[in-house]
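Novice: attaching a predicted model along with its sequence, questions to come.
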Amino acid sequence: MRARRIDIHSHFFPPVSRADSAMLCSPDAPWLRDDGGGAGAIMSGDEEYRPVEAALWDPVERLADMDRSGTSIQVISATPILFSYSCEPSIGAQWAAKINDLASEMCAVDPVRLRPMSHAPLQDIDAACREVSRAKANGHVGVHIGNHVDGRNLDDPELVRFLHHCADYEIPVFVHPWNTMAPERMTRYMLKWLVGMPAETHLAILSLILSGAFERLPEGLRICFAHGGGNFAAQLARVDNAWRRRDIISADCPRPPSHYADRFWIDSAVFGDAALRLQTELMGLDRIMMGSDYPFPLGEIDPGDLIDRSGFLDDDQRDMLLFRNADAFFGLDAEGEFA
Ligand code: CO
């Protein structure tokens, strides 16, 4: 196993009680039920959304897991059910500040190894810009956002304005799929995760490319997409072909979609050597960062195992994916911490 590793895709759920989440004024408001003995559940109103274990909210448990798996640093982001973009804007801003302050409290247990990404109240872009800048001043190393807000894709002018703010203030962005499409046809077999999430992420990336948003956004924007960018890599040649054949596809996008593959990053949560190899070929070795989706069951049980075992990478290349790319992306300057 390589000695240093940064996990850029790991989730937490702060100890938010049912009374805390009442501020969201929603019957489905998310909260955490702690059953004791290390067990609990993410709740959605009265419904049990998912059983969870203490590592999700207890930083001491989390650090013990990191010791076991050899993870040097986790960049932690809230569980997407907490986004709450549909609540009233002034409440959304208070909620984001609450989540961000609770994340700071969790990470204070070991501020070198646990680094928080902030939550942004994207229902109000001015408030979101204020909150992510406040969070940055408090030590948050980036912002974690959903791939759509209130039926709008990332190419929505207000959301592009938010991304512009993040570029201007050097706040890295991590995009996670959530509230997946066509839920009425994905009620079984975790199809929302298996089909909906990779499709949502593909949609988010293509919305930025085909709208020409990457032409207008500063090249310094650091933006990363979860789950290896979903279906993007596998479908890129199809999209390029379509761009050449139909002017309704190329109307707002002056260059082939593959041209923009170096404008964003992806994580390594793809679970197969062939998929990882395709992504390194299409995007470049410097665009991929180790991400496990810890501590959820669809994540990589041993974070970085795919990179460790990959047959086509040498040790220097493994270090890029396990550590160096993330160190640069988030500006952690962690190289010295674990020398
Ligand atoms: Co995730």
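Specialist: It's in.

Novice: show me where the stretch 51-200 of the chain has its strands.
Specialist: 73-78, 114-119, 142-146, 173-176 (DSSP state E, counting those that start in this stretch).

Novice: including mean neighbour count, could the ones you listed go into TSV?
Specialist: From N, CA and C alone the C-beta is placed, and that goes for glycine too. Formatted as TSV, these follow (neighbours: other C-beta atoms under 10 Å):
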stretch	mean neighbour count
strand 73-78	26
strand 114-119	26
strand 142-146	27
strand 173-176	25
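
Novice: would you turn the ones you listed into a markdown table with distance to residue 270 and mean pLDDT?
Specialist: Shown next, in a markdown table, are the strands of the stretch 51-200 of the chain (distance: least, C-beta to C-beta, whole Å; pLDDT from 0 to 100):
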| stretch | distance to residue 270 | mean pLDDT |
| --- | --- | --- |
| strand 73-78 | 18 | 98 |
| strand 114-119 | 21 | 98 |
| strand 142-146 | 20 | 98 |
| strand 173-176 | 15 | 98 |
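
Novice: same list, the ones you listed, but as CSV with distance to residue 184 please.
Specialist: Output for these, formatted as CSV (distance: least, C-beta to C-beta, whole Å):
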stretch, distance to residue 184
strand 73-78, 27
strand 114-119, 28
strand 142-146, 20
strand 173-176, 22
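
Novice: residue 44: which of these is closest?
Specialist: In terms of C-beta to C-beta, the element of those nearest to residue 44 is strand 73-78, at 14.7 Å.

Novice: what is that closest one packed up against?
Specialist: Here strand 73-78 touches strand 6-12, helix 89-107, strand 114-119, strand 142-146, strand 173-176, going by 3 or more C-beta pairs under 8 Å, 6 or more residues apart in numbering; DSSP states H and E.

Novice: ok, residue 34 touching residue 58?
Specialist: No: here residue 34 does not reach residue 58: they are 9.3 Å apart, not a contact under C-beta atoms under 8 Å.

Novice: more neighbours, the two?
Specialist: Legend: neighbour count by other C-beta atoms under 10 Å for residue 34 and residue 58, higher for residue 58 (18 against 15).

Novice: which pLDDT value does the model give that one?
Specialist: pLDDT, residue 58: 97.

Novice: how near is it to residue 303?
Specialist: Residue 58 is 18 Å from residue 303, where distance means C-beta to C-beta, to the nearest Å.

Novice: could you do residue 85 as well?
Specialist: Applying C-beta to C-beta, the value for residue 85 to residue 303 is 29 Å.

Novice: tell me which of those two has more neighbours.
Specialist: Neighbour count, other C-beta under 10 Å: between residue 85 and residue 303, residue 303 has more, with 28 against 22.

Novice: and the more buried one, how close does it get to residue 276?
Specialist: Distance from residue 303 to residue 276, by C-beta to C-beta: 14 Å.

Novice: one more: residue 324?
Specialist: In terms of C-beta to C-beta, residue 324 sits 17 Å off from residue 276.

Novice: same drill for these two, tell me which one is more crowded.
Specialist: The neighbour comparison of residue 324 against residue 276 (other C-beta under 10 Å) goes to residue 276, with 23 against 20.

Novice: hang on, the more buried one in a helix?
Specialist: Yes: assessed with DSSP: H, G, I helix; E, B strand; the rest coil, residue 276 lies in a helix.

Novice: and it, what does it touch?
Specialist: Neighbour list for residue 276: 228, 268, 270, 288, 306, 307, 310 [criterion: C-beta atoms under 8 Å, 6 or more residues apart in numbering].
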